[in-house]
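>>> next one to model:
(one chain, ligands or ions: 2)
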Amino acid sequence: MSKKHVLKVELGERSYDIIVQPSISRDAEFYLKPFISGRKCLIVTDHTVNDIYGHKTAKTLSGSGAKVSSVVFKAGETSKNLDTIREFYQKAVNEELDRSSLVVALGGGVCGDMAGFMAATYMRGIDFIQIPTSLLAMVDSSVGGKTGVDLPEGKNLVGAFWQPVLVLIDPELLETLPANELRCGLAEIIKYAVILDAELFELLENNIEKLKKLDLDFYSGIISRCCRLKAEVVSKDEREGGLRAILNYGHTFGHAIEAVSGYNSILHGEAIAVGMAIAADLAVKLGTFDKTSADRQEKLMKALELPVTLKNYDAEKILEAMGNDKKKQDGKIKLILPEKIGSVSISPCADRKLMLEVIRNRCS
Ligand SMILES: NC(=O)c1ccc[n+]([C@@H]2O[C@H](COP(=O)([O-])OP(=O)(O)OC[C@H]3O[C@@H](n4cnc5c(N)ncnc54)[C@H](O)[C@@H]3O)[C@@H](O)[C@H]2O)c1
Ligand SMILES: [Zn+2]
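Ligands and ions are numbered 1, 2, ... in the order given. Sure, this is the predicted structure:
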């Protein structure tokens, strides 16, 4: 029998549970019933996930006493916009969803962000449940209540903080996730280890085979550990007044790399892996992180087949794109730099020449 992990995100009256359990479907009705029995439920999912898990999920929700309908969108970031949200609203109106109804996000981060935003805004806010299906969504986007969509001008420019009422994570769903998407989730897991948890970092280093072979019990432990780390950060700083910014380790460089690539030639997790390598190089140059730790980070990323360098990128363009990142404060770019494995600091941007040098070393 696989082990079950139950965690709580402490946010006063908006607190909620995260359940991590392989083959959760056997118990899912038990968890879901208190939230959905007698209510209308709209499943939001993409075509890929719907083909694999849509029918089964609808059956589980019906079995828990809900009246179920679904809205399905084309998989991928290009769907994450207001046009798709409008389709969700239309479906909700057609199905006569009201303030007591509920949205279920079944999918990766794109799905969770959009379903959450729809739930935050439909009838001024209705409940929603996260059933993440990608590793990235399991360890990151399904927890914490950031929801939203992209505008042509940039990613996640429209959104709301809206917490789910429950997060149900079944690591078994990872068995159908493409390998490159799995690697992207692993990059986020390394991020948590470097910023907050040296023990987790060691656990990853010592269990490369289990990670590569998708050992589900091992993944359950790792996923719940990352959710606990994120839950702690979010409980202390729900709206990113300070601490929550550390979750952006590797992301200031990574987002800029994604922007320069036009969001189509590199996956998010790959970009942040390179971003973390650059941030570590910079910290080594500044004398705040030792080279041995930077090498450990690089070795772990390589062992998990994540990129640590890129070819043919223009360092000037990456630096310029960093200036457009919405995480700026008072016009200054904030950098999350490692101090040692398991601890980071938030620093203002280093000098331009040094920044260019570290980016160029990894990206050209
Ligand atoms: N809200 C937050 O705090 C937060 C945090 C990090 C990222 N995000 C957002 O998350 C998004 C990225 O999420 P993602 O990487 O999960 O992308 P995604 O939702 O597009 O999923 C990646 C791909 O995997 C497929 N897929 C998902 N689960 C599957 C499964 N079990 N089996 C087979 N295929 C499966 C999807 O159909 C899709 O094609 C971005 O839009 C990003 O902005 C949000
Ligand atoms: Zn990320």
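>>> for stretch 10-27, list every residue counted as buried.
16, 18-22, 24-25 (16 or more other Cβ atoms under 10 Å). From N, CA and C alone the C-beta is placed, and that goes for glycine too.
>>> residues from the stretch 251-364 of the chain in reach of ligand 1?
Residues of the stretch 251-364 of the chain found near ligand 1 (Cβ under 6 Å from any ligand atom) are H268.
>>> now do the lengthiest helix in the chain, average pLDDT.
Criterion DSSP state H: the longest helix present in the chain is helix 216-236. Across helix 216-236, pLDDT averages out at 95.
>>> with stretch 153-163 instead?
The average pLDDT for stretch 153-163 rounds to 92.
>>> what's the answer for stretch 312-321, then?
So the average pLDDT for stretch 312-321 ends up being 93.
>>> restricting to C-alpha, output that stretch in PDB.
Extracted in PDB, the C-alpha atoms of stretch 312-321 (Å, rounded to 0.1, in the frame of the first residue of the first chain):
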ATOM      1  CA  ASN A 312      23.500  31.000 -30.000                       C
ATOM      2  CA  TYR A 313      21.700  33.300 -27.600                       C
ATOM      3  CA  ASP A 314      22.500  37.000 -27.500                       C
ATOM      4  CA  ALA A 315      23.500  37.900 -23.900                       C
ATOM      5  CA  GLU A 316      22.600  41.600 -24.400                       C
ATOM      6  CA  LYS A 317      19.100  40.600 -25.400                       C
ATOM      7  CA  ILE A 318      18.700  38.400 -22.400                       C
ATOM      8  CA  LEU A 319      19.800  41.200 -20.100                       C
ATOM      9  CA  GLU A 320      17.500  43.600 -21.800                       C
ATOM     10  CA  ALA A 321      14.600  41.100 -21.400                       C
END
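>>> buried set for the longest helix of the chain?
Residues 216, 218-231, 233-234 are the ones in helix 216-236 that count as buried (16+ other Cβ under 10 Å).
>>> so who does the nearest residue to N180 once chain neighbours are set aside touch?
The shortest distance from N180 to any non-neighbouring residue, by Cβ to Cβ, 6 or more residues apart in numbering, is to L267 (6.2 Å). Residues near L267 by Cβ atoms under 8 Å, 6 or more residues apart in numbering: 180-181, 183-184.
>>> E320 and F201: what is the separation?
Per Cβ to Cβ, to the nearest Å, E320 is found 32 Å from F201.
>>> higher neighbour count, those two?
Neighbours were counted for E320 and for F201 using other Cβ atoms under 10 Å; F201 has more, 21 against 13.
>>> my guess is the more buried one contacts S343, does it?
No. When contacts are counted by Cβ atoms under 8 Å, F201 is not listed as touching S343 (11.0 Å).
>>> on that earlier part again, adding pLDDT, write the contacts of L267 out as CSV.
Below are the contacts of L267 laid out as CSV (pLDDT from 0 to 100):
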residue, pLDDT
N180, 96
E181, 97
R183, 97
C184, 96
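>>> can you tell me how far K212 is from M276?
Counting by Cβ to Cβ, the gap from K212 to M276 is 20 Å.
>>> so for those two, which sits in the more crowded spot?
Of the pair K212 and M276, M276 is the one with more neighbours under other Cβ under 10 Å, namely 28 against 15.
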